[in-house]
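[1] what follows is a predicted protein model with its sequence.
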Amino acid sequence: MKTKKINFANYSSFKIGSSFDVTVLEKGQHYHNLSHYYMIGACNNILIGNNPPPMLMLSKEFDFIELKNNTIKIGAATPSGKIASFCKKNNIANFEFLSHLPGKLGGLVKMNAGLKEYEIFNHLKTIETVESVIPRHEILYGYRYTNISQTIVAAEFELSYGFDEKKVAMFKKMRANQPATPSAGSCFKNPQGEYAGQLIEAVGLKGFMQGAMCFSQKHANFLVNTGDGKFEDALFLIKEAQKRVYENFGIHLELEIEILDQEYMSQKSSY
């Protein structure tokens, strides 16, 4: 398989990271020995460390949208903005929230991305992986979670018509309190009955700076890069937030972002 060198300081939404080789998966290749790779898409939800694991990305061949048999089939490398534009042009319903949710289809499905109750799994029928086709009822999923372990290459959804511009406006309003400064979106999942941003603010970390990184003054659950942000500073703030919130409230903040750093990942797996 061929590789592509990516500068993650330019490519990722965090604007953090060095240049690393990423293996590119193309159609027609033998899909074997992929388990040791970590799949990346648009890197809107990823913090790249100094020593990431082997990474894999899909070629542009997996960027497609097809309508057939009352379903809409979307390739895992298809950007959310392209899906939203296609649905608007073709008067297709239920994907309006993607107009304000960055990412590619594979990552959106893997984490059951969404806004409030509008989630990617709501109208999912099947996912296609490098190994098999899996119906939705065989997948465990919940709030920003799935148990999908295989590499997703496409997904099929129910096809309904009636694109709703009012929903687009509603989703835009829902995102209005989120900072435009480089980040990876919400840093932590909201604990049941709580809001991560309020907990972070309550322990004095809203606006707290470590190097060029801080929890945003606009929304405390957004870890933002105000300049030349470093991985070490981002990781310090993540651990500090978890430590302070647990000490003060007995609540463990679970990450919504993914941290790709082998030292961090090995420490986490040993807990």
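    Received it, and whenever you're ready, just let me know what you need. Numbering: from 1, shown residues only.

[2] Val133 and Ile127 touch, don't they?
    Yes - contact criterion Cβ atoms under 8 Å: Val133 and Ile127 qualify, at 7.4 Å. Backbone N, C-alpha and C define where each C-beta goes, glycine included.

[3] three-state assignment of Ser85?
    helix (DSSP: H, G, I helix; E, B strand; the rest coil).

[4] circling back: higher neighbour count, Val133 and Ile127?
    Ile127 (26 against 12; other Cβ atoms under 10 Å).

[5] which element is the more buried one on?
    strand 124-129 (DSSP states H and E).

[6] over to Tyr264?
    Assigned by DSSP H and E, Tyr264 falls in helix 262-269.

[7] ok, the strand holding Ile127: who's next to it in the sheet?
    Sheet pairing of strand 124-129 (DSSP bridges) gives strand 133-135 (antiparallel), strand 152-158 (antiparallel).

[8] alpha carbons of it, as PDB, please.
    Coordinates of each C-alpha in strand 124-129 appear next as PDB, following Å, rounded to 0.1, in the frame of the first residue of the first chain:
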ATOM      1  CA  LEU A 124     -28.500   4.200   9.500                       C
ATOM      2  CA  LYS A 125     -29.300   0.800   7.900                       C
ATOM      3  CA  THR A 126     -26.000  -0.900   7.400                       C
ATOM      4  CA  ILE A 127     -22.300  -0.200   7.500                       C
ATOM      5  CA  GLU A 128     -19.800  -1.800   5.100                       C
ATOM      6  CA  THR A 129     -16.400  -2.600   6.500                       C
END
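
[9] the strands paired with strand 124-129: which one's closest to Phe86?
    Closest approach to Phe86 among the strands paired with strand 124-129 is made by strand 152-158 (12.2 Å; Cβ to Cβ).

[10] which of the residues in the helix or strand that comes right after the closest one are buried?
    Where DSSP H and E defines the elements, the next helix or strand beyond strand 152-158 is helix 165-174. Under the neighbour-count criterion of 16 or more other Cβ atoms under 10 Å, helix 165-174 has Lys167, Val168, Met170, Phe171 buried.
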